[in-house]
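need a structure here:
(one chain, ligands or ions: 1)
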Amino acid sequence: MNFSAAREFALQLDSQDPLAAFRNDFVIHDPNLIYLDGNSLGMLPKAAQEKARQVVEEQWGKDLIRGWNKGWWESPSRVGDKIGQLIGAATGQVLVNDTISLNLFKLATAALTLQPNKTRIITDTFNFPSDLYILQGIKNLLSTGGLDYQIIRIGASDNDITPDLAALEAAIDENTALVTLSHVTFKSGYLYDMQRITDLAHQKGALVLWDLSHSVGAIPIHLDACNADLAIGCTYKYLNGGPGAPAFLYVNKAIQEKLSSPIWGWWGQKNPFDFNLDYEPAPGAERFLVGTQPIISLLTMEAALEPTLQAGMDSIRTKSILMTDYASFLTENWLAPFGFSLGSPLDPAKRGSHISIRHAEGYRINRALIEEMNVIPDFREPDNIRLGFAPLYTSFADVWEGFDRIKRVMSEKRYEKYSKQKLTVT
Ligand SMILES: *Cc1c(COP(=O)(O)O)cnc(C)c1O
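Residues are numbered from 1 along each chain as shown. Alright, predicted model coming up:
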């Protein structure tokens, strides 16, 4: 598409946007706020707001303990199956529970202990640090049993935008137990080719675990079709489930019965209400449940999925690509003269739904945007301002306006009055 920097052009894109009406499904307190952080914390869907009230007042308030037999107990798998529709997973493979980090711990440990003779774990420097810490913790834990795992982190092939795919391919060998990567990387927004990497790993006999945190709800995903083994993902980013909403895990049917969870809790027990004293794993993926789930948050998140399920992932992706292309165009046209560069792939096929724009003064520019321009992006070290585009509620006029305000911060040097000292949460 031939983009124009005129505001009328953004308004025209909005008038032709088939998803425009979904913005009305979200709570908008301040129409002047340009919220570009839906990739970190999605906005509040009206359906979720109403559901939270209903769960607290009616389910908890009136049903009390009876709620467990009125849909609470099954909620991890019921809501998991709904998320399954968004990630190409047939029923019985996705469970909502715990946090992303904990689900990575459970699934990665299960994958390693399934293949006791292999000692290599392949990941990359683009992965979310918590994912790398979890892997290091697993290595440390298993070393006490005399095992010596190597964690190989593939680096960048360019200026921290694209992972070195040739190095990744070369690193996966017959001694590799697990390949685990973020499908969309959290900083540059690079999008891995899931089918290709999964095939490469399988050719060498390795299992693959995808972290979908930055892709679920933004990109159509086909876990079953790719024959992926394992996946984890987030519900409070593009799925709008609310702060701390429980995460999900996916275990391919083909390997469910072979895997053992490293945490044996009563929710993963075969018949928990028999109260047997010895553990026996539940059939299927449910063995990866541990204990009681945050039901208020889980059911609120279930309602939050409605706009995404209605819109469908293909139309969300079409708009997302148009938005990130448009944002890349405005970066080049308006911001490059101020010293900005694009920190994300130019090719939309290799990019998720956020872009990073880089500047040596990125931290202070981000502060100025939040404090005085009513624009909310976020900052990621060392020089990335991340701009997330959530097709269900971000308009093209928002994108235009957000860039216009960044331009004003630069031309008026508004960032100069802020300290370089960083706040706790950036
Ligand atoms: C958001 C995110 C996390 C956060 O994990 P929690 O355990 O839910 O705090 C982990 N990994 C990735 C890739 C993420 O994007």
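
Show me what from the stretch 201-350 of the chain comes close to the ligand.
Asp211, Ser213, His214, Cys234, Ala247 (CB under 6 Å from any ligand atom). (C-beta placed from N, C-alpha, C; glycine too.)

and which of the residues you listed is nearest to the ligand?
Ser213 (3.2 Å; CB to the nearest ligand atom).

quick one, helices of the stretch 251-400 of the chain?
253-256, 295-304, 306-311, 313-330, 362-372, 396-411 (DSSP state H, counting those that start in this stretch).

ok so, going back, can you tell me which of the residues of the stretch 201-350 of the chain next to the ligand lies nearest to Ala228?
Taking CB to CB as the measure, Ala228 lies nearest Asp211 of those, at 11.5 Å.

That closest one pairs with what?
Per DSSP bridges, the residues bridged to Asp211 are Ser182, Ile232.

Share the number of residues neighbouring it, please.
Burial of Asp211 is recorded as 28 neighbouring residues (other CB atoms under 10 Å).

Contact partners for it?
The contact partners of Asp211, by CB atoms under 8 Å, 6 or more residues apart in numbering, come to Ile100, Leu104, Asn127, Phe128, Asp131, Thr180, Leu181, Ser182, His183, Ala231, Ile232, Gly233.

Show me which positions of stretch 355-374 end up buried.
Within stretch 355-374, the residues that qualify as buried are 355-359, 361-370, 373, counting by 16 or more other CB atoms under 10 Å.

And stretch 373-391, by the same measure?
Buried positions in stretch 373-391, judged by neighbour count with 16+ other CB under 10 Å: 373, 375-380, 383-391.

how about those residues, which pair is most distant?
Longest distance between any two of the buried residues of stretch 373-391 is 26.8 Å, between Asp383 and Pro391; criterion CB to CB.

returning to that earlier point: out of the buried residues of stretch 355-374, who's nearest the ligand?
Using CB to the nearest ligand atom, Ser356 comes nearest to the ligand of the buried residues of stretch 355-374, at 14.0 Å.

which residue packs closest to the closest one, ignoring adjacent ones?
Gly343 (3.4 Å; CB to CB, 6 or more residues apart in numbering).

That neighbour and Tyr35, how far apart?
Distance check for Gly343 against Tyr35: by CB to CB, to the nearest Å, it reads 20 Å.

next one: Arg287
Counting by CB to CB - Arg287 and Tyr35 are separated by 39 Å.

With neighbour numbers in mind, choose between the two.
Neighbour count, other CB under 10 Å: between Arg287 and Tyr35, Arg287 has more, with 27 against 21.

picking that back up, present the helices of the stretch 251-400 of the chain as a markdown table; the columns should include distance to Asp193.
Shown next, in a markdown table, are these (distance: least, CB to CB, whole Å):
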| stretch | distance to Asp193 |
| --- | --- |
| helix 253-256 | 21 |
| helix 295-304 | 29 |
| helix 306-311 | 23 |
| helix 313-330 | 15 |
| helix 362-372 | 29 |
| helix 396-411 | 27 |
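
hmm, back to that, filter the residues of the stretch 201-350 of the chain next to the ligand down to just the ones in strands.
Asp211 (DSSP state E).

Which of the residues of the stretch 201-350 of the chain next to the ligand fall in helices?
Using DSSP state H, no member of these sits in helices.

what two of the residues of the stretch 201-350 of the chain next to the ligand are the furthest from one another?
His214 and Ala247 (12.9 Å).
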